[in-house]
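Novice: Okay, here's the prediction I keep looking at, along with the sequence it came from:
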Amino acid sequence: MTGDERCRLYLITPAVLEPVAFADRLQAALDGGDVACLQLRLKDVDDDAFRRAIERLMPIAHAHDVPFLVNDRPDLAAEFGCDGAHVGQQDTPYAEARRLLGPDAIVGVTCHDSRHLAMEAADAGADYVAFGAFFHTETKPPRFWATTELIEAWSQVTTVPCVAIGGIKPDNLGPIVQAGADFICVVTGVWDHPDGPGGGVAAYNRAIAAALAG
Ligand SMILES: Cc1ncc(COP(=O)(O)OP(=O)(O)O)c(N)n1
Ligand SMILES: Cc1ncsc1CCOP(=O)(O)O
Ligand SMILES: [Mg+2]
């Protein structure tokens, strides 16, 4: 997750899943094309369910050479030797996540619409900062709205990669990619894609490539 490759797809799981059944969908998604990173984002589940999901899904990500991050739970990510964690402003603080995971892990931080939060996270050592939401989304009703101007300004002043999230679809990602986003982060656009998750990943990759070429 270096952000060296101009712009890549960052995939987040649905918030509710049954790991055994979902494994086939994940396999299909990752067979569909390039995915820079997978984040396990479960909500309203107990620790055992989180553990079962990590055990079942992380090997599939690794078989595709895709780093596996855990949302909200750097403690569980450390317990299972995951590649890293994503933390929000109301979650485990970045410094504690880093302490739990060690210097080599990937730790990303939600920064909403704020260059100030992003500067703080980057100065503290975050591997990426995440801006959003860009568009309406039912996945997490937005409280903040990020802009392509923020992405552009961020890309001009720092080399710390930035992730764009929130309502991003193949047909609206062009300006975000062209503004300099390093990663396009997606939940429903892949899992609810009419051609299945593999078709969804392929569609995002085509759209990113077209935006970079345009
Ligand atoms: C890559 C990425 N960006 C933002 C988020 C949102 O994190 P947070 O604000 O903590 O909200 P929840 O996802 O925990 O509901 C994310 N998970 N990943
Ligand atoms: C987790 C999260 N954080 C900000 S928007 C969002 C949801 C993104 O999901 P989708 O790609 O389905 O809009
Ligand atoms: Mg969170």
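Specialist: Good, I have the coordinates. Ligands and ions are numbered 1, 2, ... in the order given.
Novice: Per-residue pLDDT of the residue in the chain that ligand 1 sits nearest to, please?
Specialist: Residue of the chain nearest ligand 1, by Cβ to the nearest ligand atom: G88 (1.9 Å). Bear in mind the C-beta positions are built from the backbone N, C-alpha and C, glycine included. With respect to pLDDT, G88 scores 98.
Novice: Same check on G3?
Specialist: 63.
Novice: Doesn't V109 belong to a strand?
Specialist: Yes - using DSSP: H, G, I helix; E, B strand; the rest coil, the assignment for V109 is a strand.
Novice: I'd like to know how many residues surround it.
Specialist: 26 (other Cβ atoms under 10 Å).
Novice: Which residue, neighbours along the chain excluded, lies closest to it?
Specialist: Counting by Cβ to Cβ, 6 or more residues apart in numbering, V109 lies nearest to A121, which is 3.9 Å off, once chain neighbours are set aside.
Novice: and the gap between that neighbour and A179?
Specialist: Distance, A121 to A179, by Cβ to Cβ, to the nearest Å: 19 Å.
Novice: And those two? Which one has more around it.
Specialist: A121 (24 against 20).
Novice: Helix or strand: which one has the more buried one?
Specialist: Assigned by DSSP states H and E, A121 falls within helix 115-124.
Novice: Just name whatever secondary elements that helix is in contact with.
Specialist: helix 94-101, strand 106-110, strand 128-132, helix 148-157 (3 or more Cβ pairs under 8 Å, 6 or more residues apart in numbering; DSSP states H and E).
Novice: And those: which comes nearest ligand 3?
Specialist: Between ligand 3 and these, the tightest spacing by Cβ to the ion is seen for strand 106-110, at 6.6 Å.
Novice: Which residues of the protein lie near ligand 3?
Specialist: By Cβ under 5 Å from the ion, the residues of the chain that approach ligand 3 are 72, 88, 91.
Novice: Is it possible to mark the buried ones in those?
Specialist: 72, 91 (16 or more other Cβ atoms under 10 Å).
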